[in-house]
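**Q** Sequence and predicted structure are below.
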Amino acid sequence: MNAVLPERSGLLIPIPRRFDTDPLKRTRIRVTEAHLLGLALHWSVTEEYEAVVYDLDGTLARLAVDWEQVRDDVASKLRAREIDVDEKSLWELFEYAHGGPLERTVEEAIQDHEREGARRSERLALADELPLEVPVGVCSLNCEAACRIALEIHGLDRHVEAIVGRDSISAYKPDPEPLLETIRSLGVAPTEALFVGDSDSDELAADRAGVDFQYVSERLDDGWFRQ
C-alpha cells in the first residue's frame, strides 16, 4: 500500500512504501515543482542525519564586527612589542601569535571585538530552522564566548547542545579537529552528521573530517525546513 503526501497545490502524490513517512525512519519526503516545458511534479528524498553542526558567523547570525579595526588593534599591540606587522592581514597576525608568548595578547584583542559584535549581532534566516529533531552543535572560528552570547541573544542557545569555538581546543578550522570534537560531544559518528557553513574554510574542514557539508545558500534555496 502506498502512502500519500499532500503537496501545496492540493495534489496527492503517491509515494512508494519504502519512502513512507514513518517517524522511525531517517527519511523525509519533499515534493518540489519541476521547471520543465510543461507543468510537472517530481518528488525527492532528503536524507536526514543523526546530528547537524552549524558554523555561526554568516550562518546562524552575523556578528557586528569591524574586522579592519580588529586588525589595526592587534597590529598596534604587536607593534608595541617591536613586531613587524606591515601589510600583514589579521589572519597572518593571528597565526604568527598562535602557540607563542603573544597568543593571549592577540586573542584578548580579538575576543573583545567578537563579544561586543555578538551582542549587536543580526539573526540570519537559517536560524529559523531550529529546533531540529536531532542534536545540534555549533563549530565556529569565533571565540566560544562570542558564540554563546550570540546564541543566547537570538534565543538559539536552548536548541544547541555543543559549542566549539576558536579557543575551545588547541586547533581551529579548517583543521578538522574542532568539527570532530563538536560531533563527538553530540554522541554521533562523523558519517552520521552534517556540517552547514558559509565559507570555503568550512567546506575544507568538513572534507578533512569526513563529514557531509552543505552551504548556507544551498540549504536556504532548498527550503525544506519551511515546508
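**A** In hand now; what should we look at?
**Q** now what about stretch 64-81, what contacts it?
**A** Here stretch 64-81 makes contact (CB atoms under 8 Å, 6 or more residues apart in numbering) with 85, 88-90, 93-94, 96-97, 102, 105-106, 109-110, 113-114, 116-117, 120-122. All C-beta spots, glycine's among them, are computed from the backbone N, C-alpha and C.
**Q** ranges for the helices of this structure?
**A** Using DSSP state H, the helices found in the chain span residues 67-79, 90-97, 103-119, 144-153, 177-186, 200-209, 216-222.
**Q** Put together TSV for those helices, with mean pLDDT, distance to E161 and mean neighbour count on each row.
**A** Shown next, in TSV, are the helices of the chain (pLDDT from 0 to 100; distance: least, CB to CB, whole Å; neighbours: other CB atoms under 10 Å):
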stretch	mean pLDDT	distance to E161	mean neighbour count
helix 67-79	97	29	16
helix 90-97	96	28	17
helix 103-119	98	19	19
helix 144-153	99	11	22
helix 177-186	99	6	21
helix 200-209	98	18	19
helix 216-222	92	20	14
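**Q** Reformat these into CSV and put distance to A171 next to each item.
**A** Shown next, in CSV, are those (distance: least, CB to CB, whole Å):
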stretch, distance to A171
helix 67-79, 20
helix 90-97, 13
helix 103-119, 13
helix 144-153, 14
helix 177-186, 4
helix 200-209, 10
helix 216-222, 23
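**Q** who wins for proximity to A162 among those?
**A** Across the helices of the chain, A162 has its closest neighbour in helix 177-186 (3.7 Å, CB to CB).
**Q** That closest one - contacts with which helices or strands?
**A** strand 51-54, strand 136-139, strand 162-164, strand 193-197, helix 200-209 (3 or more CB pairs under 8 Å, 6 or more residues apart in numbering; DSSP states H and E).
**Q** Report all helices and strands that the first one contacts.
**A** With contacts defined as 3+ CB pairs under 8 Å, 6+ apart, the packing partners of strand 51-54 are strand 136-139, helix 177-186, strand 193-197.
**Q** Put the alpha carbons of the last one into PDB.
**A** To tie it back to what came earlier, the one meant is strand 193-197. C-alpha atoms of strand 193-197 as PDB (Å, rounded to 0.1, in the frame of the first residue of the first chain):
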ATOM      1  CA  ALA A 193      26.500  14.300  10.900                       C
ATOM      2  CA  LEU A 194      26.000  17.200   8.500                       C
ATOM      3  CA  PHE A 195      28.000  20.400   8.700                       C
ATOM      4  CA  VAL A 196      26.400  23.600   7.400                       C
ATOM      5  CA  GLY A 197      28.500  26.700   6.800                       C
END
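**Q** and E144, what does it touch?
**A** E144 touches 163-168, counting by CB under 8 Å, 6+ apart.
**Q** how about K88, phi and psi?
**A** Backbone torsions for K88, taken as degrees, to the nearest 10, come to phi -100, psi 140.
**Q** Count the residues that sit near it.
**A** When neighbours are defined as other CB atoms under 10 Å, K88 has 17 of them.
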